[in-house]
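Peer 1: Next input, structure requested:
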Amino acid sequence: MKHILVLAPSSFPINNSEAISNAKLIYLLAQLGYKVTVFSRISNLSSEAIYPEGSSEKKILDLKNINVKYIKVFNGKGLKSIKEHLLCWCKTGYVYRGANWSYYAIKEALKLNKKDKIDVLITRGFYTDIAGVYLSKKLGLKWIANWNDPYPLARFPHPYGKGPYCKIGNRMERLLRDIQKYSYIHTFPSARLRDYMLKYFSMISVDRTVVIPHLAHEDFMVSSKKTDSNKLRLVHAGNVSSPRSPKKFFQALQNVVKDFPNDIECIFIGRQDADFYKLVENPVLKSVVKVLPAMKYFDVMDFLSQSDISLIIEAECDEGIYLPTKFVDALQILKPVFCISPSQGTLHDYVDKFGIGYFANNSSVEEISETLRNIVMDYKQKKLPNFSISDVEYFFTKSIGQQYLQLIETM
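Peer 2: Numbering: from 1, shown residues only. Down below sits the predicted model:
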């Protein structure tokens, strides 16, 4: 049984979208027969207890071949933080804010390897790159580096960051070179993100990359429980603050509600900012738009199962390179999506390819309005998209499990 070390600072407890994405993959790796050790992260500022968040998280952690270690670091300013970061720099030659987690992850990994030899290293998320370089170099580990976002933060596309070619300093450039030098393979949830990062990951050829989407897992599916409200219910899970502005969607919604005043309800789950509430002060929208407080992941999934459409709003970019986890969450409960996204982008690609919902260019109020009208009419005529796991197997365990088996067993 191969032993896989997964460095995933955001994984357990499951309290955000990155955590569930990582947790489901860890669960699948264990189901495939691998022994999986996970290093997660908590800080001195965390008020969250370390315990399974309900039956679904407990299902993951009950697998005997998954072991989770919580690495606690000092989060904040002061001498202790300076000391931890200095220790990281002395040990690895690299440091940035948050690198103290890598220092402790390295220490724990070296101890673990003496007791139980590590065969494969997987890094998932920020704060893991320094540890990935060090452990791959020191222990000769085959390192699978996963990127769900561009790296580093400064090289996010506009409006999130400054683009793929912005200056990041000699120290960070050296770290990027070492990441490319010591990694074995790079995984990305979308081809567009891969192609974006390869613009500046010049030492990485395409044959050292694999595109593997976020996982939709059959074990966490929720049966549809839509109540008969006679209204089209759209649900958006998560915050839509800048740069993911809902302004144009609300303009379009206002246009459509005038034609269908009693046929739509639109629910946003999670904390929203002041700009959001100003937008929905419009009298036309007040009776249509509702905001619910943040929920735990599995509660959100249960609520989504009672909806008709999962609404996804992306930022206006030249190209949509991301695969939002909420897109795969919708597929996991077999709900059609309404993606308000860049016309050139991953979500547009997948909506067209798999026929699992609707798409509108997020820069066009007219297109959003027209698409929303079509959705309302399809709802009234009972023609909303209907699909099964076999239609979107690309995102489920059979396809993704085969990809990881092939990847790990050929190392």
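
Peer 1: Once you drop chain neighbours, what's closest to Leu7?
Peer 2: Once flanking residues are discounted, Leu7 sits nearest to Thr128: 4.3 Å by Cβ to Cβ, 6 or more residues apart in numbering. Heads up, the C-betas are built off the backbone N, CA and C, glycines and all.

Peer 1: Helices along the stretch 101-250 of the chain, start to end?
Peer 2: 129-139, 170-182, 191-198, 247-259 (DSSP state H, counting those that start in this stretch).

Peer 1: Run through the neighbouring helices and strands of the first one.
Peer 2: Which is helix 129-139. On a contact count with 3 or more Cβ pairs under 8 Å, 6 or more residues apart in numbering; DSSP states H and E, helix 129-139 meets strand 3-7, helix 79-92, helix 100-115, strand 120-124, strand 142-146, helix 170-182.

Peer 1: sorry, back to before: quick one, what contacts the residue nearest to Leu7?
Peer 2: Contacts for Thr128 (Cβ atoms under 8 Å, 6 or more residues apart in numbering) come out as 7-9, 102, 105.

Peer 1: In this model His348 seems to touch Cys339, though I could be wrong.
Peer 2: Yes: here Cys339 lies in contact with His348, judged by Cβ atoms under 8 Å, at a distance of 7.0 Å.

Peer 1: Neighbour count for these two, which is higher?
Peer 2: Neighbour tally, Cys339 and His348, criterion other Cβ atoms under 10 Å: the higher count belongs to Cys339, 28 against 18.

Peer 1: any residues touching whichever strand or helix holds the more buried one, and which ones?
Peer 2: For Cys339, the enclosing helix or strand under DSSP states H and E is strand 337-341. Strand 337-341 has contacts (Cβ under 8 Å, 6+ apart) with 234, 248-249, 309-314, 320, 327, 330, 347-348, 351, 356-362, 368, 371-372, 375.

Peer 1: What subset of the residues you listed is buried?
Peer 2: 234, 248-249, 309-314, 320, 327, 330, 347-348, 351, 356-362, 368, 371-372, 375 (16 or more other Cβ atoms under 10 Å).

Peer 1: Just the ones of those in strands?
Peer 2: 234, 309-313, 357-361 (DSSP state E).

Peer 1: Which one of the residues you listed is nearest to Val288?
Peer 2: Leu234 (9.6 Å; Cβ to Cβ).

Peer 1: Please pick out the residue of the protein most distant from its centre.
Peer 2: Asp259 (35.8 Å; Cα atoms, centre = their mean).

Peer 1: re the thing from before, run me through the strand neighbours of the strand holding Cys339, direction for each.
Peer 2: Applying DSSP bridges to the sheet, strand 337-341 is found paired with strand 309-313 (parallel), strand 357-361 (parallel).

Peer 1: Residue ranges in this structure under the pLDDT threshold?
Peer 2: Applying pLDDT under 70 to the chain picks out residues 43-56, 226-228.
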